[in-house]
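Asker: Need a 3D model of the following:
(one chain, ligands or ions: 1)
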Amino acid sequence: MKRDPTRPAALAALAFCALALAGCGGNQNVLDPHSHPERRIATLWWVMFAVAAIGFSVVVLFLFLGWVRRNRDRLPFGGGESAAVGMVVALGIALPIVLLVSLFVYSDLFVLKSVAAPRPGSTRLTLEVTGRQWFWEVRYPGTKAVTANEIHIPVGTRVNLVGKTDDVIHSFWVPELNRKVDLIPGQTTRILLEADQPGSYRGQCAEYCGLQHAHMAMYVIAQPPAQFRTWLAREAKPARPQQGSPSPGFLAFNAENACSGCHTVRGTNAHGDIGPDLTHVASRLTLAAGTIPNRPADLLEWIRDPQHVKPGAKMPNLDLTDTQFREIATYVEGLR
Ligand code: CUA
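Answerer: Below you'll find the predicted structure:
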């Protein structure tokens, strides 16, 4: 039996479409808007998709007609040479110009305005996000709260996000809430962050920034305002002081050449500024900028062998005993 040579190609095309569509689903979906600016972006996407799809269909139709009537002297719809020139000018030059100008005006007038940086004074809350290789540092000016890879905001509130970078260019992007915004050395950028429904929205660095660019995710967590205020008040507090004599994990964490050289735990002598602030790390959803879930077994693995979990990360593999790693993990799990 002879195999149909078109079958593998058709299967590959189907698999590609399925994969491409799967990429649109999941928990980062540009077409599932949860804010006013993102709804405008999603609508623009559908408008452009419709125009492109109609244009493509018309081109394919003409190609098909041309092929069917390939041996005739006359045009598909009749007419001579001047009619052919007229059709090329109308459909090939005039129509694309009209369509592209209309799309430009539509996106410029309706979409760019609503995704622009918020006007000063038009927001109720400002927060600062700094891109660092490879995590996001999050500060709430006016409070002592510093966190990483998790941006809590009150739902239904316009938030002015001020973006900076500490090293190379990163790009802050939460697809369900707004467009991408580049974080450029020496500059501050601003973008409006708001969410109409409570929930957690995954975001991702969208500009190649080195080895672990793909592991530079963050979550925006939109909460009812009262819940947000409770979270912020707790986040601003220093770590709970050690009761009685310090635990072995606390001592190992703060030993020379150990964790405190790079990390801060507010309320203790750990003042490092290379890695994320760990004051309330145990209450976060993920570790290593969204790379692994924040569960005790994953935390231990991360502390014991960070270069395996996130190769190239600035967190070195420490030369400690298994007991010391476990003690440090127990201490870190207590940082709520
Ligand atoms: Cu930061 Cu890519």
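Asker: Which residue ranges make up each domain of the protein?
Answerer: 28-115, 125-236, 248-333 (automatic domain parsing).
Asker: looking at these, which is closest to residue 242?
Answerer: domain 248-333 (5.7 Å; C-beta to C-beta). The way it works is simple: take the backbone N, C-alpha and C, and place the C-beta from them, glycine included.
Asker: Between the two ends of the closest one, how far is it?
Answerer: Using C-alpha to C-alpha, to the nearest Å, the end-to-end distance of domain 248-333 comes to 14 Å.
Asker: Can you confirm whether that domain lies near the ligand?
Answerer: No - taking C-beta under 6 Å from any ligand atom as the criterion, domain 248-333 and the ligand are apart, separated by no less than 8.9 Å.
Asker: What mean pLDDT does that domain get?
Answerer: Domain 248-333 shows a mean pLDDT of 94 in the predicted model.
Asker: most packed of the domains of the chain?
Answerer: domain 125-236 (a mean of 19; mean count of other C-beta atoms under 10 Å).
Asker: First-to-last residue distance for that one?
Answerer: 16 Å.
Asker: right, is it up against the ligand?
Answerer: Yes - legend: contact between domain 125-236 and the ligand by C-beta under 6 Å from any ligand atom is shown at 131, 134, 170, 205, 207-209, 213, 216.
Asker: how far does that domain sit from the chain's center?
Answerer: Offset of domain 125-236 from its chain centre (C-alpha atoms, centre = their mean, to the nearest Å): 9 Å.
Asker: mind checking pLDDT for residue 23?
Answerer: 46.
Asker: which residues sit against stretch 31-46?
Answerer: With C-beta atoms under 8 Å, 6 or more residues apart in numbering as the test, stretch 31-46 has contacts from 24, 30, 106-107, 110-111, 114-115, 175-179, 192-197, 199, 201, 222.
Asker: rerun at 7 Å
Answerer: 24, 30, 107, 110-111, 114-115, 176-179, 192, 194-197, 199, 201 (C-beta atoms under 7 Å, 6 or more residues apart in numbering).
Asker: Just these: which are in strands?
Answerer: Within these, residues falling in strands by DSSP state E are 192, 199, 201.
Asker: Need these in a markdown table (columns: pLDDT).
Answerer: Formatted as a markdown table, the ones in strands among the contacts of stretch 31-46 follow (pLDDT from 0 to 100):
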| residue | pLDDT |
| --- | --- |
| 192 | 94 |
| 199 | 94 |
| 201 | 95 |
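Asker: what's the distance between the closest residue to the ligand within the stretch 51-200 of the chain and residue 146?
Answerer: Residue nearest to the ligand within the stretch 51-200 of the chain: residue 170 (3.5 Å; C-beta to the nearest ligand atom). Counting by C-beta to C-beta, to the nearest Å, the separation of residue 170 from residue 146 is 18 Å.
Asker: And for residue 96?
Answerer: 51 Å.
Asker: residues touching residue 225, list them.
Answerer: So residue 225 contacts 154, 157 (C-beta under 7 Å, 6+ apart).
Asker: now it: how far from residue 153?
Answerer: For residue 225 relative to residue 153 (C-beta to C-beta), the value is 10 Å.
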